[in-house]
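> let me see the structure of the following:
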Amino acid sequence: MLRGPRALALSCAFALLAPGCGEDLPAESTQTESSSETSTGPGTTETTAAVPTEGSTASTATEGGTTAGTATEGSATEGVGTTTGTGTTASSGDTSSTTGDETSTSSTSGTTTTTTGDETDSTTGGPVECPQLPDATAKPLTDPKPEARPKLFVRPDGYHLIYMFDSPAFKTNLVKLAPDGEVVGAPSTIATGVWHQVAGSGERYAGATIEPGNLATGKITVVAVQPDDTTELVDIAMIPSEGRGPGTIAVQWNPVAGEWGVLWTQNHDINPNQPGFVHARLYFGRVTADGKWVDGSKKLLTTVDTQYSADISDWDNPLIWAGDRYAAVWAEYGPVTADIYLVELTADGEPTRVKIDQGRFSRGVPAWDGVGYGVAWGHFDFNTHFNLRFAYVEGGAVGEVLHLGDDQVSSEGASIVAVDDRFTVSWHDTPGGTSQVFYAKIDPQTLAVETVQVSEPGFADHDWSYSLVHDGCQHALAFQHVLNPSDVWVRLFE
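Numbers count the residues shown, from 1 in each chain. Below you'll find the predicted structure:
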């Protein structure tokens, strides 16, 4: 097996944080879903692929491979992960209490190290040694003020955790974590405001920010990582926009060209005489490593026809780098249907599409395993809620669609990583007015699934899944714990 290097008080008033308040729906337009017609934007190539059926349902198992039953380990449940109920959004009056052990992390005494023999350390050229750390839930952030929207990045000696902090106004912070989730050093502020999406190059980070208003402005802020794990501003690139400005922005690092790719929706009035009723067009552009917009790089990816509106995830990053190209998941809402695509983009943004689904869409994300793509997205079912789906796409062919989570409740907020020849997906279900975090390890060829509940047994508040990474040895899953005040926890597992 080849492994990579160690490679809000938040309610609907803060809609950028709440899953129930920020579904990926078309901007101010209503569409029906009865037709199979599709639309393509200017200059695009569309690969024809049959839309797969949705007959597969994920089974639930414990991490040891057994079936029914729950086992409590620390602060996480690792057993049957399905519950039933009606999904609702949280009220702003939700409260929570702490137990006095909020600052604890699991002990790593007695840790052993194993070598598998078929892995290579990129620094020494020898085998990679993976410490056998126990599965654990780290609670690294202990400030009483709210922390939210966590994003993890793998570092050679642990992780960087980037998150939103509210004190007294929103700002974006970074803190270093050890491999066991323990905080190393003090948090530092990256930027004022909220970084809605973040990408890393190893030496730098780029964050996407939107200044709201009738004519919104979007920008990409590039910062350099310092030896003490703080950051220093490099530059800020303004995204050239028309109409009412950007709606959702994604950014990703291109290691071949040494630059940032930017994917964003841009809102335009459907009728100039009726301002405020908008449709969204999708664009791609480029920013240099030093944070300067590349003139002439802006490219329209979808149509200007006001009957259509484009949508990308506002949760985890919908844009990835896949060896020698970008890949993204987006939806296009038309007058009679909504089509969901996995799209490969050349380094300058030339798209090739594969249709993977039809219907209303929520927060689709891809991962690449070196051959094909695992894709997770929310599909609107029963005219009441979104359910999580997974499919494997290889060579333009879409495999059978797998249902994740409980079909009877809303499940969304997916994050996905490729690990060897498997994929791991995290998400949250929302049964009975609560939210609970899960992850599933998936074999894309057989669709065999092992599902694990992360939230505590009987948890009656809100856990929201945000960011899942794998460092070559273990997974780390950052999730937002409770609402008022919200904390960021990190689940570590093999």
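> got a list of what the residue nearest the centre of the chain touches?
By C-alpha atoms, centre = their mean, the chain has its centre lying nearest to Asp316, at 1.8 Å. By C-beta atoms under 8 Å, 6 or more residues apart in numbering, Asp316 lies in contact with Arg363, Val365, Gly413, Ala414, Ser415, Ile416, Tyr466, Ser467, Leu468. All C-beta spots, glycine's among them, are computed from the backbone N, C-alpha and C.
> so it, which state does it fall into?
Under the three-state scheme (DSSP: H, G, I helix; E, B strand; the rest coil), Asp316 adopts coil.
> and the pLDDT at it?
We have a pLDDT of 93 for Asp316.
> one more: Ala71?
pLDDT at Ala71 comes out at 32.
> need the contacts of Asp316 in a markdown table (columns: secondary structure, distance to His403 and neighbour count).
Listed next are the contacts of Asp316 as a markdown table, based on DSSP: H, G, I helix; E, B strand; the rest coil; distance: C-beta to C-beta, whole Å; neighbours: other C-beta atoms under 10 Å:
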| residue | secondary structure | distance to His403 | neighbour count |
| --- | --- | --- | --- |
| Arg363 | strand | 16 | 26 |
| Val365 | strand | 17 | 25 |
| Gly413 | strand | 16 | 29 |
| Ala414 | strand | 13 | 28 |
| Ser415 | strand | 18 | 27 |
| Ile416 | strand | 15 | 26 |
| Tyr466 | strand | 22 | 22 |
| Ser467 | strand | 23 | 27 |
| Leu468 | strand | 19 | 24 |
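> of those, closest to Lys171?
Tyr466 (17.4 Å; C-beta to C-beta).
> list the buried residues in stretch 328-343.
328-334, 337-343 (16 or more other C-beta atoms under 10 Å).
> can you list which of the residues you listed are found in strands?
Members of these lying in strands (criterion: DSSP state E): Ala328, Val329, Trp330, Ala331, Glu332, Tyr333, Ala338, Asp339, Ile340, Tyr341, Leu342, Val343.
> ok so, going back, may I see the contacts of Asp316 organised as a markdown table, with pLDDT added?
Formatted as a markdown table, those follow (pLDDT from 0 to 100):
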| residue | pLDDT |
| --- | --- |
| Arg363 | 87 |
| Val365 | 96 |
| Gly413 | 89 |
| Ala414 | 93 |
| Ser415 | 96 |
| Ile416 | 97 |
| Tyr466 | 92 |
| Ser467 | 95 |
| Leu468 | 97 |
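> list just the nearest of these to Leu152.
Ser467 (4.6 Å).
> for Gly158, see how far away the residue nearest to the centre of the chain is.
21 Å (C-beta to C-beta, to the nearest Å).
> can you confirm Ala280 is in a strand?
Yes. The assignment for Ala280 by three-state DSSP puts it in a strand.
> isn't it right next to Gly247, touching?
Yes. At 5.4 Å, Ala280 and Gly247 qualify as touching, with contact defined as C-beta atoms under 8 Å.
> looking at the chain, which helix or strand is least sure?
strand 72-73 (a mean of 32; mean pLDDT, DSSP states H and E).
> low-confidence bits of this structure, can you list those?
1-128, 381-383 (pLDDT under 70).
> which one in it is furthest away from the centre?
Distance from the centre of the chain peaks at Asn273, with 36.9 Å (C-alpha atoms, centre = their mean).
> doesn't that residue lie inside a helix?
No. With three-state DSSP as the criterion, Asn273 is coil rather than part of a helix.
> coming back round to it: closest to Thr189 among the buried residues of stretch 328-343?
Closest approach between the buried residues of stretch 328-343 and Thr189, by C-beta to C-beta: Ala328, at 29.6 Å.
> list the contacts of that closest one.
Ala250, Leu263, Ile312, Pro318, Leu319, Ile320, Leu342, Val343, Leu345, Pro366.
> that one bridge partners, please.
Following DSSP bridges, Ala328 is listed with bridge partners Leu319, Val343.
> one step back: for Ala280 and Gly247, indicate the residue with more neighbours.
Higher neighbour count among Ala280 and Gly247: Ala280, with 27 against 24, using other C-beta atoms under 10 Å.
> strands paired with the helix or strand encompassing Lys219, and their directions?
Assigned by DSSP states H and E, Lys219 falls within strand 217-225. Here strand 217-225 is paired, per DSSP bridges, with strand 204-211 (antiparallel), strand 231-238 (antiparallel).
> output those strands in TSV; the columns should cover mean neighbour count.
Formatted as TSV, those follow (neighbours: other C-beta atoms under 10 Å):
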stretch	mean neighbour count
strand 204-211	22
strand 231-238	16
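> as CSV, these with distance to Ile356 would be great.
Shown next, in CSV, are the strands paired with strand 217-225 (distance: least, C-beta to C-beta, whole Å):
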stretch, distance to Ile356
strand 204-211, 24
strand 231-238, 31
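> out of the ones you listed, which is closest to His379?
That would be strand 204-211 among those, by C-beta to C-beta, at 25.7 Å.
> tell me which of the contacts of Asp316 is nearest to Leu177?
Nearest to Leu177 among the contacts of Asp316, with distances taken as C-beta to C-beta, is Ser467, at 12.2 Å.
> how near is that closest one to Ala347?
Ser467 is 25 Å from Ala347, by C-beta to C-beta.
> with His160 instead?
26 Å.
> ok, so of the contacts of Ala328, who is nearest Gly181?
Closest to Gly181 out of the contacts of Ala328 is Ile320 (24.6 Å), distances taken as C-beta to C-beta.
> got the contact list for the closest one?
Counted by C-beta under 8 Å, 6+ apart, Ile320 has contacts Gln252, Tyr326, Ala327, Ala328, Pro366, Ala367, Trp368.
> of those, closest to Asn214?
Ala328 (27.6 Å).
> rewinding a little: how about the contacts of Ile320 in JSON lines, adding distance to Val488 and secondary structure?
As requested, the contacts of Ile320 are arranged in JSON lines below (distance: C-beta to C-beta, whole Å; DSSP: H, G, I helix; E, B strand; the rest coil):
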{"residue": "Gln252", "distance to Val488": "23", "secondary structure": "strand"}
{"residue": "Tyr326", "distance to Val488": "28", "secondary structure": "strand"}
{"residue": "Ala327", "distance to Val488": "28", "secondary structure": "strand"}
{"residue": "Ala328", "distance to Val488": "26", "secondary structure": "strand"}
{"residue": "Pro366", "distance to Val488": "24", "secondary structure": "strand"}
{"residue": "Ala367", "distance to Val488": "22", "secondary structure": "strand"}
{"residue": "Trp368", "distance to Val488": "27", "secondary structure": "strand"}
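> now rank those residues by neighbours and give me the top one.
In the contacts of Ile320, the most neighbours by other C-beta under 10 Å go to Ala328, 27 neighbours.
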